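Trainee: Pasting the sequence and the predicted model now:
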Amino acid sequence: MKGKYYIQSAAAISPQESFSGPFVPQLLTLADKNLLRIKEPDYSGFIPPNNLRRMSRVLKMGLVAALQCLRNSEVSMPGAIITGTGKGSLQDTERFLKNITEYAETALNPTPFIQSTYNSVNGLIAVQQKCTQYNSTFVHRGFSFEHALLDSMMQIAEGNADVVLTGAFEEISDEHFYIKSRIGYWKKALTQPAELLTSRTPGTIAGEGSAFFMLGSKPGNHPLACIEGIKMVYKPTQEKLHAALETFLAQHEITPSDIDLLITGQNGDVNHDHYYHNLIVQYFPATTSLPFKTLCGEYDTASAFALWLATQVIKEQGLKKILIYNNFYGDQHTFLLLSNS
């Protein structure tokens with residue numbers, strides 16, 4: 001999809017110090033498991049204490065990232081709220097399932113069930129802002145955020161909204177981490193982010209986070225970047241992936257040499273990192289490459305952090321063209337093209 005869609009503001013809660021102050025990326029040190037947890041900000045400035053203690057982690061991180069994005073944009077009423085999530089609130093889902101067993105399906109507390117639904121974050125944002133406009137949540141694994149972004153772009157292109165609050169949120173619980181470790185998602189040996197890309201072993205490190213963007217048809221007062229196009233490819237061969245990239249770049253009348261920075265989703269998993277390696281060797285051998293999952297870990301909507309990272313790089317370094325390429329366990333592949341205007 002072509003066009004110009006301006007990121008007027010952005011906010012992110014991640015394992016990095018990304019929520020407030022100047023962003024300085026750091027390769028963190030893991031203590032006992034291959035898991036990068038978010039650095040939680042002070043939620044009390046956004047959520048009343050009575051509500052705060054009843055909310056799960058993902059609800060807090062999603063709502064506060066969205067509210068911070070709204071504050072940064074100086075927009076109080078978006079024309080739509082559209083998000084993506086791969087798992088929703090795992091903490092509330094697990095609590096509800098445990099209660100079913102513990103109470104033998106009687107006298108259950110409905111709150112964990114209500115808050116476990118995928119659209120609970122969207123609902124909280126809408127209630128907080130009294131927004132009755134278009135509201136949607138996409139749950140499509142590695143395409144969840146991309147479909148939310150695509151829907152936002154379509155809402156703007158079709159004239160249904162001038163500004164759209166677009167975001168993603170994901171949490172990792174201890175139980176979910178254990179389940180995924182049993183099926184080979186994470187590395188067996190403790191692997192530090194600094195060693196991730198040279199480990200040459202199966203699996204990666206887990207992550208979580210939330211990122212929101214105010215997307216508009218106009219630049220606004222302080223635009224961070226401009227989204228020029230997005231391309232999704234499902235389960236391609238290496239040849240079809242390269243053909244999709246060539247077509248995508250040709251549609252935007254640019255060549256690989258026009259890309260100032262390539263942000264990649266390399267995660268150290270020997271089963272899937274060859275997609276990145278082969279693409280870089282063939283198309284971007286002289287282009288600076290930045291792997292973002294060493295900063296945030298792997299999760300369904302990690303590409304939202306990549307987009308937030310790209311806005312920071314454009315703002316600080318003034319690059320003209322950035323291409324984000326991410327794949328989720330070799331199945332969902334995405335190209336996202338950004339510019340500085």
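Mentor: Structure received.

Trainee: List the contacts of the spatially most central residue of the chain.
Mentor: The centre of the chain sits closest to residue 304, judged by CA atoms, centre = their mean, with a distance of 2.3 Å. Residue 304 is in contact with 12, 84, 145, 167, 168, 209, 210, 211, counting by CB atoms under 8 Å, 6 or more residues apart in numbering. Yep, even glycine has a C-beta here, placed from its N, CA and C like the rest.

Trainee: make it 6 Å
Mentor: 145, 168, 211 (CB atoms under 6 Å, 6 or more residues apart in numbering).

Trainee: Could you do residue 8 as well?
Mentor: 73, 214, 216, 220, 223.

Trainee: Check residue 288 too.
Mentor: residue 261.

Trainee: Now do it, the pLDDT please.
Mentor: The per-residue pLDDT reported for residue 288 equals 97.

Trainee: Could you report the distance from it to residue 15?
Mentor: Applying CB to CB, to the nearest Å, the value for residue 288 to residue 15 is 23 Å.

Trainee: residues in contact with stretch 11-23?
Mentor: For stretch 11-23, the external contacting residues (CB under 6 Å, 6+ apart) are 36, 38, 41, 61, 65, 68-69, 209-212, 295-296, 305, 308, 312.

Trainee: Also stretch 48-62?
Mentor: Against stretch 48-62 from outside (CB under 6 Å, 6+ apart): 13, 43, 89, 91, 92, 121, 169, 171, 210.

Trainee: which residue ranges form the helices in the stretch 101-250 of the chain?
Mentor: In the stretch 101-250 of the chain, the segments counted as helices under DSSP state H, counting those that start in this stretch are 110-116, 120-129, 144-157, 174-182, 238-251.

Trainee: weakest of these in terms of mean pLDDT?
Mentor: helix 110-116 (a mean of 72).

Trainee: What is the burial count for residue 296?
Mentor: Applying other CB atoms under 10 Å, we find 29 residues neighbouring residue 296.

Trainee: per-residue confidence for it?
Mentor: pLDDT, residue 296: 98.

Trainee: Let me see the contact set for it.
Mentor: If you count contacts by CB under 6 Å, 6+ apart, residue 296 has them with 14, 15, 207, 209, 302, 305.

Trainee: follow-up on the earlier one: how about the helices of the stretch 101-250 of the chain, which one is nearest residue 197?
Mentor: Closest of the helices of the stretch 101-250 of the chain to residue 197 is helix 238-251, at 19.4 Å (criterion: CB to CB).

Trainee: how far is the closest one from where the chain is centred?
Mentor: 23 Å (CA atoms, centre = their mean, to the nearest Å).

Trainee: Let me see the mean pLDDT of whichever helix or strand comes after it.
Mentor: Downstream of helix 238-251, the first helix or strand assigned by DSSP states H and E is strand 261-264. Averaged over strand 261-264, pLDDT sits at 98.

Trainee: Packing partners of strand 261-264?
Mentor: When contacts are defined as 3 or more CB pairs under 6 Å, 6 or more residues apart in numbering; DSSP states H and E, strand 261-264 sits against strand 288-291, strand 321-328.
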